[in-house]
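> I'll drop the sequence and a predicted model, then ask my questions.
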Amino acid sequence: MLTVRNVCCDFYLERPNEMNRHINQYAARLPILRIFGIMESGQKCCVHIHGVFPYIILKTGIPFTGHLENKIRRILFALVDAKNSKISYGFRSAIHAIIPLETKSLYGFHLSNEHFIKIQFFDPFYVKSLAIYYYNITFSLSCIFPL
């Protein structure tokens with residue numbers, strides 16, 4: 001097993017190649033996590049990690065249905081379209097997956113599970129944009145609000 005003491009982390013976006021094309025055929029660029037560190041032997045190293053996607057988890061408060069998915073996709077499409085007005089990436093190359101989750105909230109004590117969605121992106125830029133967007137519209141959407 002490789003053990004690396006983390007000194008610095010960053011990422012870059014790369015065009016899909018034969019090694020990672022299976023992840024998504026529509027992606028214009030895929031994120032690659034880069035960890036610079038020191039191994040147990042004292043040697044410096046750089047580890048490239050493929051297949052890790054930035055994400056945001058949103059509490060929905062209601063079960064994941066087709067209606068909710070369509071509503072979320074419309075909002076995400078508008079956000080991606082606004083951010084990509086000069087770029088021809090499109091929705092398919094911005095959003096990797098929308099995954100329904102049912103788990104306990106991190107905040108406070110809860111007896112039962114609650115409903116959340118996990119939205120995975122190809123570009124970390126969208127995580128911040130979506131978080132700001134949802135923060136600003138929290139009060140106008142009664143069924144979706146940030147975790």
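Yes, it's here.
> Report the separation between the residue minimising distance to the centre of the chain and D10.
The centroid of the chain falls nearest to Y55 when counting by CA atoms, centre = their mean (2.1 Å). In this view, Y55 and D10 are 18 Å apart by CB to CB, to the nearest Å. Glycine gets a C-beta too; all of them are placed from N, C-alpha and C.
> Can you name the residues that contact I99?
Taking CB atoms under 8 Å, 6 or more residues apart in numbering, we find I99 in contact with I117, K118, I119, Q120.
> Against the centre of this protein, work out the most remote residue.
S41 (34.3 Å).
> quick one: secondary structure of it?
What DSSP: H, G, I helix; E, B strand; the rest coil gives for S41 is coil.
> which residues sit in contact with it?
S41 makes no contacts at all, as judged by CB under 8 Å, 6+ apart.
> What is the nearest of the contacts of I99 to N136?
I119 (16.7 Å; CB to CB).
> Could you list the buried residues of the helix or strand containing the closest one?
Element membership for I119, per DSSP states H and E: strand 114-121. Going by neighbour count (16 or more other CB atoms under 10 Å), the buried part of strand 114-121 is H115, F116, I117, I119, Q120, F121.
> The first one touches K104, doesn't it?
Spelled out, it's H115. No: here H115 lies out of contact with K104, judged by CB atoms under 8 Å, at a distance of 11.3 Å.
> report the longest helix in this structure, please.
Longest helix of the chain, by residue count under DSSP state H: helix 66-83.
> Show me the strands paired with the helix or strand that that one is followed by, marking each as parallel or antiparallel.
Once helix 66-83 ends, the next helix or strand along the chain (criterion: DSSP H and E) is strand 95-103. Strand pairing for strand 95-103, using DSSP bridges, gives strand 114-121 (antiparallel).
> Need the contact partners of the partner strand.
With contact meaning CB under 8 Å, 6+ apart, strand 114-121 is reached by 53-64, 72, 76, 94-105, 127, 130, 147.
> So what sits opposite the residue nearest to the centre of the chain in the bridge?
When bridges are called by DSSP bridges, Y55 pairs up with Q120.
> That one: what's it in contact with?
Taking CB under 8 Å, 6+ apart as the test, what Y55 contacts is K118, I119, Q120, F121, V127.
> Widest-spaced pair of the residues you listed?
Greatest spatial distance among those (CB to CB): K118 and V127, at 11.5 Å.
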